[in-house]
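**Student:** dropping the sequence and predicted coords here.
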Amino acid sequence: MAVTADHAIPNRSPLIAFLSRWLLTTNHKEIGTLYLCLSFTLFFIAGAMAMVIRLELFQPGIQFAEPLFYNQMVTMHGLLMVFGVVMPGFVGLANWLIPMMIGAPDMALPRLNNFSFWILPFAFGLLLSTLFMEGGAPNFGWTFYAPLSTTYGPPSTDFFILGVHLMGISSVLGAINIIVTIFNLRVEGMTLMKMPLFVWTWLITAFLLVMVMPVLAGAVTMMLTDRHFGTSFFSAVGGGDPVLFQHVFWFFGHPEVYILILPGFGIASQIIPTFARKKLFGYHSMVYATIAIAVLSFVVWGHHMFTTGMPLAAELFVMYATMLIAVPTGVKVFNWVATMWRGSMTFETPMLFAIGFVILFTIGGFSGLMLALVPVDFQYHDTFFVVAHFHYVLYPGAIFGIMSAVYYWLPKWTGNMYDERLGKLHFWIAIVAVNMTFFPMHFLGLAGMPRRIVDYSLQFADFNMVASIGAGMLGMSQLLFLYIVVKCIRGGEKASSRVWDSAEGLEWTLPSPAPLHTFTTPPKFPTPEEDYQHE
């Protein structure tokens, strides 16, 4: 047995012991906690940047944010939310839950797991440090299109490029670790088609990460060589093509959208059956639909580029493929609704967030179908309609997914129950605020208001005011979430060994599985045929 740092160096100060525990830990639960704490911290930083954006847009005219600073806030908010909040949040949940769900003692590569995490604070430190540099932070949008990011990017762009490289390295190493863990450390008898849906969605997400993060690394490396080494990948002057950057970026960027949402699908598939007190409807179809979504995500990147002058045949292919990807997504929504149908449902906080996820994500999916149509996209491209669409997909899909998971598993993590009354209050404030913030943006986009522009016409003032008030409510609700989590960690009513079995007095009588260490023979899992007979 390996000697831990605590035994190796006796009589250390409490500070040294604390630092060595958290800096050198290889425990999957502690690393998962570190990921979640980093995600939560960056959530407030990126949220503060969103507040700056919405305060500026509260009324027409330039209030306090000069156009350059406004675009810096837009860029940093998008980058931090995508790479610093959602991805580390889901990786933290994967670290906590996957080993326990598959009966593994830990992740397969614990030291690599530690290394994967500790890359990230340096990556985001580099990114945030650009705010204090001469010329300011990157101001070219989170999609960093060339030539804005190459020819015209500020000097801090080089730090941004290095930060993105570090994020990519962390993601790929973490994904490899998850794949190896799932394939090699499952408890005997657990075949792939008996794994929980959260494990399945993360396995598919990990493969997506391994395949697309190197593409992003290639894009930012070509940016770097264009800026400093005389190449012309994205410069028309030297024979390159700025549209090439869009192809490379979106070949990464569209699978990335599903990297941000698939673990949320897995979380909803764990939570909804618990509070419906029914088995998940259509387990096998859920697995195959997730695989279909992942495969199709690689052939639809062109729908971000309809206005760049693509050939008509390419536009038609991408349009049909984008509409096709709605089919497996619809299968998932149907299965969640069928799971709830005639179930003995109760509405604790995790279930409320999961239902909010299903409903609002579906609205985002419908607006995505509108944007999949070429003539419609020509009208809505680069308007606030697009902002409304991807926030309806990602805020309820990713952020609500993470929040529902935290409420669902927090009693198991801490041994204490969170305050259910405050949790429900958090949900209702959040659901009202999300719709106040993002629904008016549909109308702003339909009326032609462009995104990423600091000022706007008087005709857009009322909807922008409503959206800004909603954003303020949404930001305040997260302070309540922080209070609930800290209060639960510090103490409170003790959670039972089976937290959700008797919610609201309804007993769920499925037998409890024996602890892994008590198995004298391999556990027997039902075959698919037995499952069907049971149904």
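**Tutor:** Sure thing, it's come through.
**Student:** mind giving me the packing neighbours of the host helix or strand of G356?
**Tutor:** Using DSSP states H and E, the element containing G356 is helix 349-372. Counting contacts by 3 or more CB pairs under 8 Å, 6 or more residues apart in numbering; DSSP states H and E, helix 349-372 packs against helix 242-276, helix 312-324, helix 326-340, helix 374-380, helix 384-394, helix 400-414, helix 420-446. For every residue, glycine as well, the C-beta is placed using N, CA and C.
**Student:** could you list the buried residues of it?
**Tutor:** Across helix 349-372, burial judged by 16 or more other CB atoms under 10 Å covers 349-358, 360-365, 367-368, 371-372.
**Student:** what would the helices and strands packed on helix 349-372 look like in TSV with distance to Y283 and mean pLDDT?
**Tutor:** Below are the helices and strands packed on helix 349-372 laid out as TSV (distance: least, CB to CB, whole Å; pLDDT from 0 to 100):
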stretch	distance to Y283	mean pLDDT
helix 242-276	9	95
helix 312-324	23	95
helix 326-340	9	95
helix 374-380	35	95
helix 384-394	24	95
helix 400-414	19	94
helix 420-446	27	96
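**Student:** can you list these in CSV and add mean neighbour count and distance to L208?
**Tutor:** Output for those, formatted as CSV (neighbours: other CB atoms under 10 Å; distance: least, CB to CB, whole Å):
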stretch, mean neighbour count, distance to L208
helix 242-276, 23, 5
helix 312-324, 15, 17
helix 326-340, 18, 15
helix 374-380, 15, 24
helix 384-394, 23, 16
helix 400-414, 23, 16
helix 420-446, 19, 26
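**Student:** let me know the angle separating the helix holding G356 from helix 326-340.
**Tutor:** 160 degrees (axes from the mean of the first three to the mean of the last three CA atoms, to 10 degrees).
**Student:** run the chain-centre distance for helix 349-372.
**Tutor:** Centroid separation between helix 349-372 and its chain, computed with CA atoms, centre = their mean, to the nearest Å, is 14 Å.
**Student:** what's the answer for stretch 163-177, then?
**Tutor:** 15 Å.
**Student:** please enumerate residues in contact with that stretch?
**Tutor:** Stretch 163-177 has contacts (CB atoms under 8 Å, 6 or more residues apart in numbering) with 83, 87, 91, 94, 107-109, 112-113, 115-117, 119-120, 122-124, 126-127, 205-207, 209-210, 213-214, 216-217, 220-221.
**Student:** which residues does the closest residue in space to F427 that isn't next to it in sequence contact?
**Tutor:** Nearest non-adjacent residue to F427, counting by CB to CB, 6 or more residues apart in numbering: L352, 4.5 Å away. Contacts of L352 were listed using CB under 8 Å, 6+ apart, and they are 404, 424, 427.
**Student:** how about L373?
**Tutor:** Listed by CB under 8 Å, 6+ apart, the contact partners of L373 are M319.
**Student:** tell me the phi and psi of it?
**Tutor:** As for L373, its main-chain torsions (degrees, to the nearest 10) stand at phi -80, psi 120.
**Student:** now it: how far from Q379?
**Tutor:** Noted for L373: a distance of 10 Å to Q379, by CB to CB, to the nearest Å.
**Student:** against S468, how distant is the closest residue to M473 other than its chain neighbours?
**Tutor:** Using CB to CB, 6+ apart and skipping the chain neighbours, the partner closest in space to M473 is A433 (3.7 Å). Distance of A433 to S468, given as CB to CB: 11 Å.
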